[in-house]
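Q: The amino acid sequence is not available; the structure is as follows:
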């Protein structure tokens, strides 16, 4: 498997996680173990699952972790919408975050398709 740092989807997910740590810093203190934690956890889970999958020995194993990363991206999308609806994130801040998550989900879906195709080839 290839080094995870070379994957564009990992790079984008990592950048998004770093941004979200900064964006969630001013969230209300009573959300520290709630929405702040959930946003940070789901964002870092995307990166971590891609990295863990890259360390596996087969495209099938890698694909399983990419599916988990895709689920975390959907979870993040939900948390960001909730944070916006609660007024913790402004609509102007939300829009590029939503686009970033959508782009990451699209890239993960493409990676899953590629891994599934590679897995169907004889000798894979």
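A: Everything's here; your move. Worth saying up front: this structure is predicted, and the values here are computed from it rather than measured.

Q: Could you find the closest non-adjacent residue to the residue nearest the centre of the chain?
A: With distances taken as CA atoms, centre = their mean, the residue of the chain nearest its centroid is residue 46 (3.2 Å). Using CB to CB, 6 or more residues apart in numbering and skipping the chain neighbours, the partner closest in space to residue 46 is residue 13 (4.3 Å). C-beta coordinates here come from the backbone N, C-alpha and C atoms, glycine included.

Q: Who are the contact partners of that neighbour?
A: Contact partners of residue 13, counting by CB atoms under 8 Å, 6 or more residues apart in numbering, are 43, 46-47, 50, 69, 73, 104.

Q: in the lowest-mean-pLDDT helix or strand in the chain, what's buried?
A: Here the helix or strand of the chain ranked lowest by mean pLDDT, DSSP states H and E is helix 91-120, holding a mean of 93. For helix 91-120, burial by neighbour count (16 or more other CB atoms under 10 Å) applies to 94, 97, 100-101, 103-105, 107-108, 111-112, 115.

Q: so residue 54 touches residue 7, yeah?
A: Yes: shown here, residue 54 and residue 7 form a contact pair, counting by CB atoms under 8 Å, at 7.2 Å.

Q: Give the residue spans of the chain that score low on pLDDT.
A: Within the chain, the stretches with pLDDT under 70 are 1, 119-124.

Q: mind listing the helices for this protein?
A: Along the chain, the segments classed as helices by DSSP state H run 8-24, 35-54, 59-85, 91-120.
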